[in-house]
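# need a structure here:
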Amino acid sequence: MKSLAFGEILWDVFADHQTLGGAPLNVAGHLARLGADSCIVSAVGADRRGDEALSLVRALGVGADYVSALPGLPTGTATIFLDKGIPSYEFNDPCAWDAIDLSEEQLKAIQSAEWDVVCFGTLAQRSPASRACLRRILESVSAKTVFFDVNLRKNYYSREILEDGLKFADILKVNDEEVAILAALLDIPLSADTEESFADAMIGRYGLRIVLVTLGKAGALARHAGETARSVPAKVAVVDTVGAGDSFSAGFLAALGRGCPVSRALSFGAELADFVVTRKGAIPEYDEALLQKIAELGA
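Next comes the predicted model:
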């Protein structure tokens, strides 16, 4: 499986420690751990944090050939505040991932490759420069799956950004809180079965193949071909939820890439997220039990 993620690389800064993160990097890192040939398009500052970030990106097994180190802009940070394990974020602005760009040679290398999946979100599109770079990729890349995790943060999104992304996506992922926000922004009517009616409307309007909705303690659902698959989270001791949704995305995509049906991919994504919330950090080391589940995927 060959995967390309686009977007922010940043440091998640907690009260007593910091860890490398950013939703696209979290997805890319988990995909690498799950056996993918995983790369990311991003930018860090030409500073200490940027140097350390690049070292850790490579240590995760994620290709960094499309990551720039930019003088004059700091590496991204997200100061995280936890309330009963639920994170809120404050981002430095501007920072390096506001100026993501590719040389013509780099863009041609991406265009010439056959990608199984390309992943992106909205946060890195808060700047016109990074947004323009993403559009150049989406307009010309060859990919079996284009995965759009809207991952709404602060006010760094708009109807235009969302609809531009939806033109290229065939899988959309949102959480339950984002359903109402997107429905209001995109004029999507909601019925009593909120998530399913939203998914059907999005599939019908934008030609999506699959819509994923994460539901917190209620699990997740996948709407595909007129049917709904659901997962129920395991009862685990939650340490923190930072990166849980990203691990879910990676688990789903990895299982789908191994030929699993949507329902099995959904359940594996949930299993991986259940594991991640029991550890500190968005990309913790996998234990033997999880590695065994991965080995059995698609068997």
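# Report the separation between Ile110 and Leu4.
7 Å (CB to CB, to the nearest Å). C-beta here means a position set from N, CA and C on the backbone, and glycine is covered the same way.
# Need the residues touching each of those two.
41, 137, 141 (CB atoms under 8 Å, 6 or more residues apart in numbering).
# Most neighbours among these, which one?
Val41 (31 neighbours; other CB atoms under 10 Å).
# Report the beta-bridge partners for that residue.
Following DSSP bridges, Val41 is listed with bridge partners Phe6, Tyr66.
# Just the pLDDT for it.
Looking at Val41, its pLDDT stands at 98.
# Ok, the one 10 residues further on next?
Model confidence at Asp51, expressed as pLDDT, equals 98.
# Kindly report the same for Tyr206.
If you check Tyr206, the pLDDT there is 97.
# How about Thr241?
The model's pLDDT for Thr241 equals 80.
# And Leu186, by the same measure?
pLDDT at Leu186 comes out at 96.
# Settle this for me: it is touching Ile161, isn't it.
No. Contact criterion CB atoms under 8 Å: Leu186 and Ile161 do not qualify, at 11.5 Å.
# Tell me which of these two has more neighbours.
Higher neighbour count among Leu186 and Ile161: Ile161, with 19 against 16, using other CB under 10 Å.
# Can you name the next helix or strand after whichever helix or strand Met202 is part of?
Following DSSP states H and E, one finds Met202 within helix 194-206. Proceeding N to C from helix 194-206, the next assigned helix or strand is strand 210-214, under DSSP H and E.
# sorry, back to before: for Ile110 and Leu4, indicate the residue with more neighbours.
Set side by side, Ile110 and Leu4 show more neighbours around Leu4, with 26 against 22, by other CB under 10 Å.
# So the more buried one, which state does it fall into?
At Leu4, secondary structure determined by DSSP: H, G, I helix; E, B strand; the rest coil is strand.
# distance between the ends of stretch 90-106?
31 Å (CA to CA, to the nearest Å).
# Correction: the previous question concerned stretch 67-84.
OK, stretch 67-84 end separation, CA to CA: 34 Å.
# mind showing which ranges of the chain have poor pLDDT?
Scanning the chain for pLDDT under 70 picks out 85, 87, 299.
# Can you list the neighbours in contact with the helix holding Met202?
Under the criterion CB under 8 Å, 6+ apart, residues 166-167, 169, 172, 176, 179-180, 182-183, 186, 188-191, 208-209, 211, 213, 215, 221, 223, 228 lie in contact with helix 194-206.
# The same query, at a cut-off of 6 Å, please.
Applying CB atoms under 6 Å, 6 or more residues apart in numbering, the external contacts of helix 194-206 come out as 166, 179, 183, 188, 190-191, 208, 211, 213, 221, 223, 228.
# Buried residues in it, which are they?
195-203, 206 (16 or more other CB atoms under 10 Å).
# Check the offset of that helix from the chain's centre.
20 Å (CA atoms, centre = their mean, to the nearest Å).
# now stretch 61-76
On CA atoms, centre = their mean, the centre of stretch 61-76 falls 18 Å from the chain's centre.
# again, but for stretch 115-123
Distance of stretch 115-123 from its chain centroid, counting by CA atoms, centre = their mean, is 7 Å.
# Can you list the neighbours in contact with that stretch?
Residues from elsewhere that reach stretch 115-123, judged by CB under 6 Å, 6+ apart: 1-8, 23, 27, 134, 141, 143-147, 149-151, 153, 156-157, 161, 253, 257.
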